[in-house]
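K.L.:
show me the folded form of this:
(2 chains)
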2 protein chains.
Amino acid sequence: MTDPAPDGAAPRRRGRPSRTQSAEGPAMRDRILEAARTEFSARGYEKTSVRGIAKAAGVDSALVHHYFGTKEQVFASAIEEAFAPALEAPAAIEDGPLDGIGERLTRFIFGVWENPATRVPLLAIVRSAVNNDTAAAVFRRLIATQLLGRVARQVDQPDAELRAELAAAQLVGTAMLRYVIQVEPLASADPEAIIARIAPVVQGHLTGP
Amino acid sequence: MTDPAPDGAAPRRRGRPSRTQSAEGPAMRDRILEAARTEFSARGYEKTSVRGIAKAAGVDSALVHHYFGTKEQVFASAIEEAFAPALEAPAAIEDGPLDGIGERLTRFIFGVWENPATRVPLLAIVRSAVNNDTAAAVFRRLIATQLLGRVARQVDQPDAELRAELAAAQLVGTAMLRYVIQVEPLASADPEAIIARIAPVVQGHLTGP
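P.N.:
Numbers count the residues shown, from 1 in each chain, chains lettered A, B, ... in the order given. Presented below is the predicted three-dimensional model:
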């Protein structure tokens, strides 16, 4: 016996999804991803289960596995989703001269952190990555390929990757102390005052001698 | 009925410690603190209980409360213990000219992170602070008063505290990406190569225009 689906559609059975379910794929996929993002944000990586995500989405666990695979893969997809705004960063910083890349990157990252809608999922990702090696590996792969790699390509130097990472370190550390640990006076400082001090450092790492 | 103490001393009873127990205070206090440090390192702040610390130390929970108070206070004491080497940093960086303070601070922090004996407890503290607001508050109070405050006093400027925090941000972010998230090439780079790039940034934050 299976319960009727919450939306009144045909009841679902365990195992491979039927053709009907695959046809409603994109909407279903989004619903699962939304549930996954909420669960990972609320509980962190370790305490979240595929079963819990399925329950929150009102579907069978098999359907979560069908669309995303393992818990690690669901997490990777949820991160990509949460990072979608951050992934637009390289496009934003490409749009201008190289000697302003530090300020554009700094402004972009501050924009993501200052906006509660993007800060909350980002914080959840950082917490998961700090606590769990699998989550850290997913996070590492994403920021390396999607963000740092693209920043590094802008910087036409042999040590561009290391430069991008040290620039990111200034931004990551500032975010940690300001938004996570909340050290004063940094936590309450005017964003513009911080950007004015940080942007030249980011620029220096990326294009300095 | 109470079990005999593991060391063969008189059996202990619940409640306020007897005069005999107070007499062996320093050794007992150290034993509890060592157990607390191990428990917090292994489980993080949230999953650690005073009962668990007491069990690991082979004492009654009441004795843990007697010496340290609440779980938050045990955590603060355990952090102070783990941070003892880090708290020597200001003394080390005071010992030299102001225009070398960036390199001395950077070398000191790298020394703490590169040494597994200090890296492991530090990592546990960072994990706890990122995950739990109470642990973050304890961590914040300690680094603000003990480390950043002392660095700021060396820097004789009106915005010395903010300068110290932005310098710390570069060091914290580098540690996060190198030791926690382990982004390459930063994670495997020669410490001297990183110090050479980071120290001038730290110096710039502290004493630059």
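
K.L.:
let me see the mean pLDDT of stretch A:168-187.
P.N.:
Averaging pLDDT along stretch A:168-187 gives 93.

K.L.:
how about stretch A:107-114?
P.N.:
Over the span of stretch A:107-114, the pLDDT mean works out to 89.

K.L.:
close to chain B, is that stretch?
P.N.:
No - Stretch A:107-114 does not reach chain B (C-beta under 8 Å from any C-beta of the partner chain); its nearest approach is 11.3 Å. To be clear about C-beta, it is placed using only N, CA and C from the backbone, and glycine gets the same treatment.

K.L.:
and chain A, what are its domains?
P.N.:
Split into domains by automatic domain parsing, chain A comes to A:19-69, A:83-207.

K.L.:
make JSON lines from those and add mean neighbour count to it.
P.N.:
Listed next are the domains of chain A as JSON lines, based on neighbours: other C-beta atoms under 10 Å in any protein chain shown:
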{"stretch": "domain A:19-69", "mean neighbour count": "17"}
{"stretch": "domain A:83-207", "mean neighbour count": "19"}
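
K.L.:
kindly export stretch A:99-109 (C-alpha atoms) in CSV.
P.N.:
C-alpha atoms of stretch A:99-109 as CSV (Å, rounded to 0.1, in the frame of the first residue of the first chain):
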residue,chain,number,x,y,z
ASP,A,99,43.5,46.7,-12.5
GLY,A,100,39.9,46.9,-11.1
ILE,A,101,39.5,43.1,-10.6
GLY,A,102,40.3,43.2,-6.9
GLU,A,103,37.5,45.7,-6.2
ARG,A,104,35.0,44.0,-8.4
LEU,A,105,35.6,40.6,-6.8
THR,A,106,35.5,42.1,-3.3
ARG,A,107,32.3,44.0,-4.0
PHE,A,108,30.7,40.9,-5.4
ILE,A,109,31.6,38.6,-2.4
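
K.L.:
what's the offset of it from the middle of its chain?
P.N.:
Put simply, stretch A:99-109 sits 19 Å off its chain's centre (C-alpha atoms, centre = their mean, to the nearest Å).

K.L.:
find the helix or strand that the residue of chain A found nearest chain B is a member of.
P.N.:
Nearest to chain B, among the residues of chain A, is A:Gly173, at 2.7 Å (C-beta to the nearest C-beta). Following DSSP states H and E, one finds A:Gly173 within helix A:160-175.

K.L.:
hmm, who's touching the following helix or strand past that helix?
P.N.:
Per DSSP H and E, helix A:160-175 leads on to helix A:191-207 as the next helix or strand towards the C-terminus. Residues outside helix A:191-207 that contact it (C-beta atoms under 8 Å, 6 or more residues apart in numbering or on different chains): A:98-103, A:105-107, A:110, A:114, A:151, A:154-155, A:157, A:163-164, A:166-167, A:170-171, A:174, A:178, A:186, B:162, B:166, B:170, B:197, B:201, B:204-205.

K.L.:
which other helices and strands contact the helix ranked longest in chain A?
P.N.:
Secondary structure of chain A per DSSP state H: the longest helix is helix A:25-47. Helix A:25-47 sits against helix A:50-57, helix A:61-68, helix A:71-82, helix A:116-131, with contacts defined as 3 or more C-beta pairs under 8 Å, 6 or more residues apart in numbering or on different chains; DSSP states H and E.
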